[in-house]
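Visitor: Take this sequence and fold it.
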Amino acid sequence: MTELAAPPREAGTGVKRISHWIGGRTVAGESGRSGPVYNPATGEQTGAVDFASVEEVDRAVQAAKQAFPAWRALSLSRRTELFFRIRELMHDRQEEIAKILTSEHGKVLSDAKGEVARGLEVIEFCCGISELLKGGFSEQASTGIDVYSIRQPLGVAAGITPFNFPAMVPMWMWAPALACGNTFVLKPSEKDPSASVFTAELLKEAGVPDGVFNVVHGDKTAVDAVLEHPDLAAVSFVGSTPIAKYVYETGTRHGKRVQALGGAKNHMIVLPDADIDMAADAAVSAAYGSAGERCMAISQVVAVGDVADDLIEAIKQRIPKVKVGNGLQSDSEMGPLVTREHRDKVASYVENAPAEGAKIVVDGREGDAPRDGFFLAPSLIDDVKPGMKAYDDEIFGPVLGVARVSTYDEAVRLVNENPYGNGTAIFTRDGGVARQFQFEVQAGMVGINVPIPVPVAYYSFGGWKASLFGDTHIYGPEGISFYTRGKVVTSRWPDPATSKVDLGFPRTR
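Guide: This next block holds a predicted model:
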């Protein structure tokens, strides 16, 4: 394999300790275990994050459980007021949050700011919680009987979140959970945990009571403790498909409500009538933005008919213009991958592609990227087919494959036969074809001349097939439904004509 960046440098004296947040304060870990946190742009270890024991997870859950009755009883108007304050704090501090993301994940600052902005959209949606929790009422369902419905919080909820969006994905979980009246325990990725602690500090500053929001760090020990804890009512997860399946099966086996969003292999179909420049620009931004570490990234282009050669050439011409560098530098357009191990795994797909019958058009291992840190420049692979690892696997890096097919039907068949069903896109000028595509394609999110169709906050995010375990998507209306349960009340009062209370006017039926 072509030699890439040097191995990460050892921790120096500047390594910070990243601890838990329980009951409204920083709590140092006591398990004696921790994990390294790196700056991916330099390869240096910058932090050491405490790993929670089962007992420490229990302390966080008990803090949330103790805070739940008062938080649930808080009026909707007061909760709404708090959410407006949270929104303003997050908005005012988004530059700080973005820099934390870049320093631990590696994404460029513009991507980090975009992540915070998309998370803020969900917080803004939750500012309307008074409207979102309204039930229904039926007067006189039977003689003298009224029936109405209400939605109530579950209790203590938990979130297990991935490294690629360490601020946004937690917002997708804790914001609707708290708005609905639940308390929350967050287990963020151990690779970039600082954003979650900073979030906890901001929530406290906004006036969220102690214990309502808690953060515990860790590995599988902490995850299993969350999934098995008897006082946790619900668990939300975003990550790879194998882990999503494990989370769903383990959590539901322990009686929990679980939404588990898994991996993806997002296809972008380009038809012969498509605008080549638009499609090429979209493919480059969607495949290589955030170094391809997005579950909605386009990782597979499907070129239909004679569009393939022109499209591949257009993408090839654009790749050298993608400036790869430290995410804090203003001219950088793509940063490093999150760890050296992940970078090397992604590079192996490029190395092994020719042996499987594919053609390397642009080799990111030889691209213009810094030698320090965990960098890999964009790669483009042609003639990628089902059965090849570069096609079948969720690479989760800056590697774009191109499959060639003869017809629209073949292209749709590729998408529908793929085990994943997260997102997909089609590029065409034909409205009838686009409408047919959205009708028959088997994926949860569809883009028409939009490469990354992440829904706005008042819809819900989630895929189909192996991209989702359970039946509830995240945030939006389905998020409100997930974090509440319905209750129907049937009421009948004594006939006023028989009451002994003096109403001050004649009684009638």
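Visitor: When you work out contacts or count neighbours from here on, use the C-alpha atoms and nothing else.
Guide: Will do.
Visitor: burial measure for residue 25, as a count.
Guide: 17 (other Cα atoms under 10 Å).
Visitor: Show me the shaky parts of the stretch 151-300 of the chain.
Guide: Within the stretch 151-300 of the chain, not a single segment meets pLDDT under 70.
Visitor: mind listing the strands for it?
Guide: 156-160, 183-187, 213-215, 234-238, 257-261, 266-270, 298-304 (DSSP state E, counting those that start in this stretch).
Visitor: Could you export those as TSV, including distance to residue 448?
Guide: Shown next, in TSV, are the strands of the stretch 151-300 of the chain (distance: least, Cα to Cα, whole Å):
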stretch	distance to residue 448
strand 156-160	31
strand 183-187	35
strand 213-215	38
strand 234-238	25
strand 257-261	23
strand 266-270	10
strand 298-304	13
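Visitor: would JSON lines of those strands with distance to residue 400 and mean neighbour count be doable?
Guide: Below are the strands of the stretch 151-300 of the chain laid out as JSON lines (distance: least, Cα to Cα, whole Å; neighbours: other Cα atoms under 10 Å):
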{"stretch": "strand 156-160", "distance to residue 400": "28", "mean neighbour count": "28"}
{"stretch": "strand 183-187", "distance to residue 400": "31", "mean neighbour count": "29"}
{"stretch": "strand 213-215", "distance to residue 400": "36", "mean neighbour count": "29"}
{"stretch": "strand 234-238", "distance to residue 400": "23", "mean neighbour count": "27"}
{"stretch": "strand 257-261", "distance to residue 400": "23", "mean neighbour count": "28"}
{"stretch": "strand 266-270", "distance to residue 400": "10", "mean neighbour count": "29"}
{"stretch": "strand 298-304", "distance to residue 400": "5", "mean neighbour count": "27"}
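Visitor: Okay, angle between the one helix or strand residue 409 maps to and strand 266-270 too, please.
Guide: Assigning secondary structure by DSSP states H and E places residue 409 in helix 408-417. Helix 408-417 and strand 266-270 are oriented at 170 degrees to each other (axes from the mean of the first three to the mean of the last three Cα atoms, to 10 degrees).
Visitor: In PDB, list the C-alpha atoms belonging to helix 408-417.
Guide: Extracted C-alpha coordinates of helix 408-417, given in PDB (Å, rounded to 0.1, in the frame of the first residue of the first chain):
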ATOM      1  CA  TYR A 408     -33.100   3.500 -16.000                       C
ATOM      2  CA  ASP A 409     -34.700   0.200 -15.000                       C
ATOM      3  CA  GLU A 410     -31.300  -1.400 -14.300                       C
ATOM      4  CA  ALA A 411     -30.300   1.700 -12.200                       C
ATOM      5  CA  VAL A 412     -33.400   1.400 -10.100                       C
ATOM      6  CA  ARG A 413     -32.900  -2.300  -9.700                       C
ATOM      7  CA  LEU A 414     -29.400  -1.600  -8.300                       C
ATOM      8  CA  VAL A 415     -30.800   0.700  -5.700                       C
ATOM      9  CA  ASN A 416     -33.700  -1.600  -4.700                       C
ATOM     10  CA  GLU A 417     -31.600  -4.700  -4.500                       C
END
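Visitor: Please point out which parts of it sit buried.
Guide: 408, 411-412, 414-416 (16 or more other Cα atoms under 10 Å).
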